[in-house]
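> Make a model of this:
(one chain, ligands or ions: 1)
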Amino acid sequence: MNAIVIDDSRATQAILTRILEDLDYEVTCAGDGRQGLQVLDRTPGIELALVDWNMPVMNGLEFVRQVRADERFASLTIVMVTTEGDVGHMVEALDAGADEYAMKPFTAQVIREKLELVAAGT
Ligand SMILES: [Mg+2]
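Take a look at the predicted model:
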């Protein structure tokens, strides 16, 4: 299985990558939403995206909107992983087409549980 981690924090990229690799994902990282779209464009078969909200250039919400406007990525599962914890943000992300929402700071267990909820984990 192939996944992408989109976060402007290299530390968070590394932590999420480790969690996904433990679940047998092959992981590509991107530092903002635009880079994420570029990776999706050139990498067929990515099934899962873990996406930060606050990033330079293109934030996570805009990324979700652009992905959901593109039929090529209709089956991509998107989990927002963010410090934006208020209900309004959560609703906005889910309305835009995110499948699940996880709060920072997170544990590996929380991420695994979210992936089980969207049936993208093991
Ligand atoms: Mg960030």
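
> going forward, measure contacts and count neighbours with C-alpha atoms only.
Noted.

> May I ask which helix or strand encompasses the residue nearest in space to the middle of the chain?
Averaging the C-alpha coordinates of the chain gives a centre point, and the residue nearest to it by Cα atoms, centre = their mean is L50 (1.7 Å). If you go by DSSP states H and E, L50 is part of strand 46-51.

> before we move on, back to that, the residue nearest to the centre of the chain contacts V5, correct?
Yes - with contacts counted by Cα atoms under 8 Å, L50 reaches V5, the gap being 4.9 Å.

> Endpoint to endpoint, stretch 42-49 covers what distance?
From the first residue to the last, stretch 42-49 extends over 15 Å; the measure is Cα to Cα, to the nearest Å.

> Can you report how many residues lie near whichever residue of the chain sits closest to the ion?
In the chain, the residue found nearest to the ion is N54; the distance is 4.1 Å by Cα to the ion. In terms of burial, N54 registers 19 neighbours under the definition other Cα atoms under 10 Å.

> before we move on, what about I111?
A total of 21 residues lie near I111 under the criterion other Cα under 10 Å.

> So which residues on this structure come close to the ion?
Proximity of the chain to the ion is assessed by Cα under 5 Å from the ion, with 8, 54-55 identified as the residues in range.

> mind redoing it with 6 Å?
7-9, 52, 54-55 (Cα under 6 Å from the ion).

> Show me which pair in the residues you listed is furthest apart.
S9 and N54 (9.9 Å; Cα to Cα).

> Take the residues of the chain next to the ion and write them to TSV, including distance to G97.
Written out in TSV, the entries for the residues of the chain next to the ion read as follows (distance: Cα to Cα, whole Å):
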residue	distance to G97
D7	18
D8	21
S9	23
D52	14
N54	17
M55	18
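
> Return a ChimeraX selection command for the buried portion of those.
Isolation of the buried members of these (16 or more other Cα atoms under 10 Å) is achieved in ChimeraX through the command below:
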select :7,8,52,54,55
